[in-house]
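Undergrad: The amino acid sequence is not available; the structure is as follows:
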C-alpha cells in the first residue's frame, strides 16, 4: 500500500488531476492525500478547495497565497509553500509526490521531493507555451521529477531530448479528457437555472477565458478590454470565468466587472462547477481567450477556438484554432468565422486530437503503483 | 550602471565566486551586493560570512540554515531562503542575480529570479556528478537561468543538448583557478605557525576533504572512518577540513574528532583561510576524499588525487586521479601510489587541464555587463 | 543620531503614526525608516503604501498578508511578518522600534524587539475595547514594550496597574489629533469633485465606517446590512469607507457593494485621502458605525457619533456618542437624534475631550530622542 | 472528548510538562497531541524529541531552530514557529493549546491561540526572573492566555495584579515535582555504569547546570570558565549538563569541553535521562550554576544550591540557596559551605517548599477538562 501525496494550487489544475485521483482511489494498492494550497484557499478565487472537499477526498489545507498581484508576492508564496510542504511531507511520510504542470505548486513540490528523497511524478511536462515563465518552470520541474506523464508524443519527445532516461517517460494523453468523457449531459434549462442565463440552442454563445501573461502584465487590463469590446459590439451571449491569480489578474477582473454591469448578455463567474463548464464547452459556438483548454480539450470536443494574443501560440494544437492579435476587428472577424463559416466549422468537426483517448488517469495510477522505489528511481542520471 | 546581486551559501562556493566578484568590482559599469546565507552564518560551520566581510564586499545577511542534519531541514531552509531572497530582491531591485552550482542557494535564487523577472546568471552549470541530488538541482537551475557560464566545453555542450539557446552559453573555465593563480606563495614556517602543525618539504602530507552523499547518508560516519583508518595506519601527516552541512555531516565530524584526539599527526580545521588552503594544495603529496576541488583545481596545480567512493565518479576529470571504493586496503594502496609511484607522479605533472586558464572571472563579468536586458533575454525558449 | 524603525500595517494606523513621523523627521538627532507591511501592500485594500511613499518617507516593503479572510490566515501572516522583520532589523540595526496599537504589526514588532534586544516604543497602549482579541494583543505588547505612550490618563493608569515601571509611561494624547489640527479646510466643491458626490452645507450627510469583530465574524455581513438598511430608509447621503482586512470584511464589502449599486445617495470608497477624510469629519452630521475614530477623534471635532454594536462599547469616551445594538429602528432613532435633537447637538458641541491637544507627536519624538538606551531600559522589571 | 495540543521546545520544559501529559492521557475526556519543536529536533541539543517519542506520546515534528546563536536567529525562529503552528492548528482543530513558561514556544503558541480563537492554558506564569527577556515574554503570554496555572501563591498573586480575571487562575504547584515524586531510586552502580563515572556515597559530588543570560551574552564563556575553575581547584567530582540553546551557549560549551578534556573528575553530558538526573539530584552534595531547578525542585529534595550570577536572583526561593557573583573564591567558599557546614546543611534539610506537593499534573488536567469553552473563556477582560 503506497501513499501518494498530491499537491494542487488552482481550480484548472485540479480538474486535470481529478481523473487521476479517481483512479488512485479505485486501486487497493494506493492511498491518496491531497494538499490544497495557493488560490484554492482564497475567497478572491472562490475558495475552490470546497470543490475538492465536496468530491470527498482527504485534504490537507496549506495557506500560501499572498494578497497581492505583485511578482514578489508570487515568488514569496513559493517560499511559504516549500516550508509548509516540507512540514507536511515530514509528517505524512508519503511514498510518492504527485504534481502537474508549471505553476508554483509544481516547482515547490518537485524541490521538496528532491531534497527529501521522495520520488515525484509529474503530469503534463514537456509542453511548450512560449512567452511565459511557465516554460522555464515546467522544464525545471522535469529535471527534478522522477516519472514523467506527458500528454502528447511531441511533449514526451521533448522530455527525452532534455536528457531524461526513457524508462521514466510515459505518454498518457491528457487526463482532463477523462473527466470530459465521463461528464453527463445537462439541459439548457438546468444550466440557465444554475447560471441565471438565457442560453438556448438557437442562439450561439461564446465561452470566454483569458489569463494575463507574466511578460505582458501592464497590458492585462487593456487586453481584456479589447476582447470584451469585440464581444460587446457583436452583441453575442458570453459566459466568462475569472482569470487565474497571476500578476495582472486584478486589472482584468476590474474590466470584466465593468462590462458585466454595462451589458446584460455578458455574464462572469468566479468559478463554475465542472459539470456546467464541460456542458458549456459542448454547447458553445466557440471558446474565446487564451485558455489552455482551447488547445488541450477542444479537439476532443470538436469545439472551435479563437485564441487572442501570444499565449499558447507556439504550443502543439489541432486545426480548430484561429490565432489573432489584440485587435478588435480581427477578433470580431475570427469570432464570425468560427460561428458562421461552414467550411471552418467542418474542419473543426473533423480535427485531429493529439491529446489522447480519455483514459489517461488509469495509465498514470497504474504506472505509479507498479514502479519500484529504489536507488535507480531516486538517483536521476542525464543520458548524455 | 547595472546592479548585480550575488548569492552565496557556503565557503567552497564563495571561493569559486570570489574571482568573479573581484572583476565585477573592477568594472565601472557594474556594482555588486552579496547575499550571504546558508552555512555562512552558522557557528557550526565557522561563521564564514566573516571571510566575505573581511574581503570588504557589501553583504546582506540572510539566516536560513535550520539546526538539524535531517533532509527535511535542508528542504525547509530552501523555503526560508526563497522568502528572504524575495524580500531582498524587492528592496534592492537588482538588474542581475548571480549564483553558482547546485546547492540550495542556486535553486532558490533561480526560482526567485524567474518569478520576479530578473535575469539569472549561472556559473558551473552543465556539470555531471552522478549519485547525488546535486545533478537534478543543477540541471533544473539551468532550465531557469538566463545566462550560463559552464567551466568546460563538455559541460557547455551538455547545456546546449538540454535545449538552451546557444547565445546564452559561454564556456569560461573555472573561476576558482583565477584565485589559485593569484594566490602568493607561503612558506612552511608561516603555515606551521598558523595551523600549529609541523609540515616540512621532506615529509609528504595528505590534504583530506570528504563530504557525505545525499544517497548514502546512513553510511557517512563509516565512510569517514574507513578513510581515516587508512590514513592512521600509514601514519602520514594529514590536514582535514570539515565537511559541508549536508545530511550526514554531523556523523562525519564526530568521527574526525575521535581520530584527531587519538592521532597527533591528523589535524582537523572547521575552515582554512584561502591563502593557506591553496598553498596546502601546492605543497601536499595528494588530495584525498571526494572534494570537487580534486577534479576542478588539481589539474591546474598538477596535484595527485585519491577519490574515495561514488561522489565525483562520472564527472569530467584529468589523468591525475585514482578512484577507489570505501575499502581500507585499496585506499592505502592508492595513497602509496600517489606518493611513491614515479610513473604516476610524472603523469600528474603533465596531465591535461579542461578547466581553463585562470581568467574566467573577467570573461563572466564582461559578458554580464554587455548583455542587454530585454524580452529576448527574459523569455526563455527551448530550441526544440 | 538615533535610527528609528517604525512599522505600519494598515491605513488607519498610519494616520495616527504620521504626526509622530513628522516630528521625528524635523529633529536632527533622529532618523526614520518605515516598514510598510500587512494590508498596505494589498490591492484589495487599496495599496495604501503609496500614500506613505507620496508623503516622501523612506519605506521598506514587507509583504505578509495572506489572501484569505480565515483566522489561520491572520495567524500565519504574523509568522511571515516576524521572519521578515527580523531580517530587516538585522540589516538596519535600528536604535528603536516604533509601533502602535493592537494589530498584528504591534505583536510582531514587540516580539522581534524583545528577542533582538532593541527597545520598543509603543503608542496607544493601555486602552480597553472589550469583545475583541485586540485587548489581549495590546496588553501583551505593553508587557514587551520599553516605552509607553498612552493617549489618555485612564489608559496610562491601566498600564501602571499592569506593573510597568512609572518612568516608562508618558501620557501624550492621541497623535491623530495633531494631523486633524494641521489639516487645511476644503470646500464642498473640491470634495464633491474628488468623490463624485453632491454634498452641500444644506443637506446633512453621514460618514459610515464599520469593521467586523473577531468574536462576531459570522454576523459581519448581516451587521453591515442592518446598518445600511437604516441609512437607506432615512434616504440620507452617506459616505462609506471599506472595513479593515479582518476576518469578516469580505462579507461586509459584498453587502456595501450591493447597497451602493442600489442607492445613489450611498457611496463607498476603498480608501479616502487624509485631507478629504478629515474635512468629511468636520462637515458630517454624524459618524456612524464602530470606528475607533468615533471615540478618539470626534470629541476634538465635536462631531456626534452613533456607535452600532459591541465594538468600542467599554472604551473611554466623551458625551457625544450614542450606543445602539444592531437593530434597524434603534439605529434610525439614534441617527435622527444626532441630526435633529438640538439639545444633544449642544452637548456634542461642548463635550469633554480626554484625548489631548493635538501636540502628541512632538512629545513622543522628544521622549524617544532623549531616552538613554542602556541596561535599565532594556531589562524590564515588573513593579510587584 | 476534548483534544489538547501541547507545544514543547526544549528538554527542561518537557520534564515539567510530562507529569501533566501523564494525567491528560489517564483521563477519558481528554486526548493529547504534542508538537515537538525548537531544540528538541536539533542534533546539537541531543535530538531530545526521541525522549518524548520513547515516552509513547503522539508527536508532530515542527523544525524551527536556526543554526546560529545570534539574537536574530532566535527571533526569526519564532516566525517560522508561528507559521508552522498555524498550519498544524488549522489541521488538528484542537480544543485547547497547552504551553509552559517563557521561551519562544510560549509566545508563539499563545499568539496562534489568540488569533485562531483557541483557548490557551499556560503553566508556570506569574514568575519573576530579573535580568532576562524571559520576564517580558512570560508576562506577555499571561496577557494572551485563557487559563493560568502558576506554581506558587506568590506567582498567582502577580498574575492577578496584572489584571487577569480571578476565575482564570489556579495555583497548582510545580508539575516537575510530580515526576520527581514518582521517579524510582537508582543505585550508584547503575548510575556509574550509565554515565561512565565513579560516584560513590563517600565522595560528595557536584551537579552543575549553567545557562547564558540574554543580557550577558558576551560574558557567557568567561562565566562558565570562572565557575569551572572553582570546581577544578576544589578537585570535586562534577557532573555537567549542557546549557540551553540561547545566545552564548556555544561559548559555554567550548569552555566545558576544554575542562572535561583536562580534568577527569569533571564530566559533561549533552543530555541526561530523566531518571538518572533525578537520582543525581537526590545524591548530589549540591546543585551549582543558575538552573531554575535550583529554585523550583531543590526545596522538595532538600538539596543545597549555589547559584552563580544574576539569573534567578530575584525569584521566589527557599532557604537552601546561596547566591554568589562570578568570583572564583566566593564560589569556592559557597561550595565548601554547602558540603561541609553542618548548620547550613541542617537548614537545607528543613527548608520550606513553596512549589507544591507533587500532584500538580492532576489538578491541571482536571481543570482543563472541566472548563467550558465559550465566549466568556475566549473574550478576555482586564479587571480594571
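TA: Good, I have the coordinates. Only a predicted model underlies this, so the values are computations on that prediction, with no experimental measurement involved. Residues are numbered from 1 along each chain as shown, chains lettered A, B, ... in the order given.
Undergrad: what's the average pLDDT for stretch A:150-160?
TA: On average, the pLDDT along stretch A:150-160 is 96.
Undergrad: Can you name the residues that contact residue A:259?
TA: Residues near residue A:259 by Cβ atoms under 8 Å, 6 or more residues apart in numbering or on different chains: A:228, A:232, A:266, A:268. C-beta: built from backbone N, CA, C; applies to glycine.
Undergrad: ok, it to residue A:45 distance?
TA: Separation of residue A:259 from residue A:45 (Cβ to Cβ, to the nearest Å): 20 Å.
Undergrad: that older thread, between the contacts of residue A:259, which is nearest chain C?
TA: Minimum separation from chain C among the contacts of residue A:259 (Cβ to the nearest Cβ) is found for residue A:268, which lies at 14.4 Å.
Undergrad: okay if I get the contacts of residue A:259 as TSV plus secondary structure and neighbour count?
TA: Listed next are those as TSV, based on DSSP: H, G, I helix; E, B strand; the rest coil; neighbours: other Cβ atoms under 10 Å in any protein chain shown:
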residue	secondary structure	neighbour count
A:228	helix	27
A:232	helix	16
A:266	strand	21
A:268	strand	16
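Undergrad: Turn those residues into JSON lines, including distance to residue B:319 and pLDDT.
TA: Shown next, in JSON lines, are the contacts of residue A:259 (distance: Cβ to Cβ, whole Å; pLDDT from 0 to 100):
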{"residue": "A:228", "distance to residue B:319": "68", "pLDDT": "97"}
{"residue": "A:232", "distance to residue B:319": "74", "pLDDT": "96"}
{"residue": "A:266", "distance to residue B:319": "73", "pLDDT": "96"}
{"residue": "A:268", "distance to residue B:319": "69", "pLDDT": "96"}
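Undergrad: just the residues you listed now: which is nearest residue D:355?
TA: residue A:268 (66.1 Å; Cβ to Cβ).
Undergrad: doesn't residue A:252 make contact with that closest one?
TA: No. Using Cβ atoms under 8 Å, residue A:268 is not in contact with residue A:252, being 10.4 Å away.
Undergrad: still on that earlier bit, farthest-apart pair in the contacts of residue A:259, please.
TA: Farthest apart among those by Cβ to Cβ are A:232 and A:268. That separation is 13.1 Å.
Undergrad: coming back round to it: ok, and of the contacts of residue A:259, which contact chain D?
TA: With Cβ under 8 Å from any Cβ of the partner chain as the criterion, those include none near chain D.
Undergrad: interface residues of the stretch 201-350 of chain A facing chain C?
TA: So far as Cβ under 8 Å from any Cβ goes, the stretch 201-350 of chain A lies against chain C at A:245, A:250.
Undergrad: Most proximal residue of the stretch 201-350 of chain A with respect to chain D?
TA: Closest point on the stretch 201-350 of chain A to chain D, by Cβ to the nearest Cβ, is residue A:245, at 20.2 Å.
Undergrad: Now do the phi/psi pair for that residue.
TA: phi -80, psi 30 (degrees, to the nearest 10).
Undergrad: for it, what are its contacts?
TA: Contacts of residue A:245 by Cβ under 8 Å, 6+ apart are A:10, A:38-39, A:42, A:44-45, A:65, A:69, C:67.
Undergrad: Which among those count as buried?
TA: For those, a burial check counting by 16 or more other Cβ atoms under 10 Å in any protein chain shown picks out A:10, A:38-39, A:42, A:44-45, A:65, A:69, C:67.
Undergrad: which two of those lie the greatest distance from each other?
TA: A:10 and A:69 (14.7 Å).
Undergrad: With pLDDT, secondary structure and distance to chain B added, can I get the buried ones among the contacts of residue A:245 in TSV?
TA: Shown next, in TSV, are these (pLDDT from 0 to 100; DSSP: H, G, I helix; E, B strand; the rest coil; distance: Cβ to the nearest Cβ, whole Å):
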residue	pLDDT	secondary structure	distance to chain B
A:10	95	coil	15
A:38	97	helix	13
A:39	95	helix	15
A:42	94	coil	18
A:44	85	helix	19
A:45	87	helix	18
A:65	97	coil	13
A:69	81	coil	13
C:67	95	coil	16
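Undergrad: which parts of chain A sit against chain D?
TA: Checking chain A against chain D by Cβ under 8 Å from any Cβ, the hits are A:60-63, A:80, A:83-84, A:86-88, A:90-91.
Undergrad: Out of those residues, flag the one nearest to chain C.
TA: residue A:63 (5.4 Å).
Undergrad: How many residues are close by the closest one?
TA: Counted by other Cβ atoms under 10 Å in any protein chain shown, the residues lying close to residue A:63 total 29.
Undergrad: likewise residue A:179?
TA: 21.
Undergrad: cool, and residue A:93?
TA: Other residues within reach of residue A:93, judged by other Cβ under 10 Å, total 10.
Undergrad: Repeat that for residue A:170.
TA: 18.
Undergrad: what's the pLDDT at it?
TA: 98.
Undergrad: repeat for residue A:131
TA: Confidence score, pLDDT, at residue A:131: 63.
Undergrad: ranges for the strands of the stretch 201-350 of chain A?
TA: Remark: strands assigned in the stretch 201-350 of chain A by DSSP state E, counting those that start in this stretch are A:205-209, A:237-241, A:266-269, A:286-289, A:305-308, A:321-324.
Undergrad: Please point out which parts of stretch A:224-234 sit buried.
TA: In stretch A:224-234, counting by 16+ other Cβ under 10 Å, buried: A:224-228, A:230-232.
Undergrad: How many neighbouring residues does residue A:26 have?
TA: Around residue A:26 there are 11 residues (other Cβ under 10 Å).
Undergrad: for the residue in the stretch 101-250 of chain A positioned nearest to chain D, phi and psi?
TA: Going by Cβ to the nearest Cβ, chain D is nearest to residue A:116 of the stretch 101-250 of chain A, at 12.0 Å. Here is the backbone geometry of residue A:116 (degrees, to the nearest 10): phi -100, psi 0.
Undergrad: ok, it - contacts?
TA: A:86, A:89-90, B:71-72, B:75.
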